[in-house]
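Visitor: With the sequence up front, the predicted model follows.
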Amino acid sequence: MTPCRTACVSAAATFLLLLSGLGSSSWALGAQTPAATPEAAPKPPSIVGNWSVIFDFHCDGGPGNGAWSIAQDGSYSDNAGNTGTWVQNGKFFRMTYSNRSYYDGKLKKKNVAVGRIFDAAGGDIGCWKASR
C-alpha cells in the first residue's frame, strides 16, 4: 500500500467515526458521572479559501490538476464549474459534489490537506492532495 493510500484510508476511517459520534462521547465508559473535560485544544484552521488540487483516480500515478474555491456558507466550486457542499469537523472534512460523489479529507497543516475520492455509492476511487 502506498504511503498516501495508507494515510488517506486512516484519515477517512477516523473522519467517519467522528461524523457518527462514536469518537466524541463525553461520558467515560461504565462511569456514573461525566468524564473530566480536557483543556480546550486549539481550533483547527477552516478549509475556506482557494486550493490547488492534485487528484489521482485509482491512485495509480496518473495525477490530474484542479482547483477548489471553498466558501464560508458551506458551498464550493471547482475549476470545471462543478459545485457541491462541505462540512468540517476539526481537521476532518467532506466535500460532496452535486452528483453525490465526495472527497473526504484531513488538514495535515494549515495549508495542506490530503484525502480519498469516493463515488456516489461509497466506492473508493482515488486519492488527492491540496495546498493553498
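Guide: Noted; the coordinates are in hand. Numbering: from 1, shown residues only.

Visitor: list the contacts for the spatially most central residue of the chain?
Guide: Taking C-alpha atoms, centre = their mean, the centroid of the chain lies closest to Gly105, which sits 2.1 Å from it. Neighbouring residues of Gly105 by C-beta atoms under 8 Å, 6 or more residues apart in numbering: 11, 15, 47, 92-95, 113-115, 128, 130. Quick note: C-beta positions are derived from backbone N, CA and C, even for glycine.

Visitor: Quick check: Trp128 vs Ala40, distance?
Guide: Shown here: Trp128 relative to Ala40, a distance of 31 Å by C-beta to C-beta, to the nearest Å.

Visitor: repeat for Trp86
Guide: 24 Å.

Visitor: what about those two, which has more around it?
Guide: Trp86 (20 against 6; other C-beta atoms under 10 Å).

Visitor: what bridges to Gly64?
Guide: Beta bridges link Gly64 to Phe55, judged by DSSP bridges.

Visitor: close enough to count as contact, it and Ser52?
Guide: No. With contact defined as C-beta atoms under 8 Å, Gly64 does not reach Ser52; the gap is 11.9 Å.

Visitor: shared neighbours, these two?
Guide: What both Gly64 and Ser52 touch, as defined by C-beta under 8 Å, 6+ apart, is an empty set.
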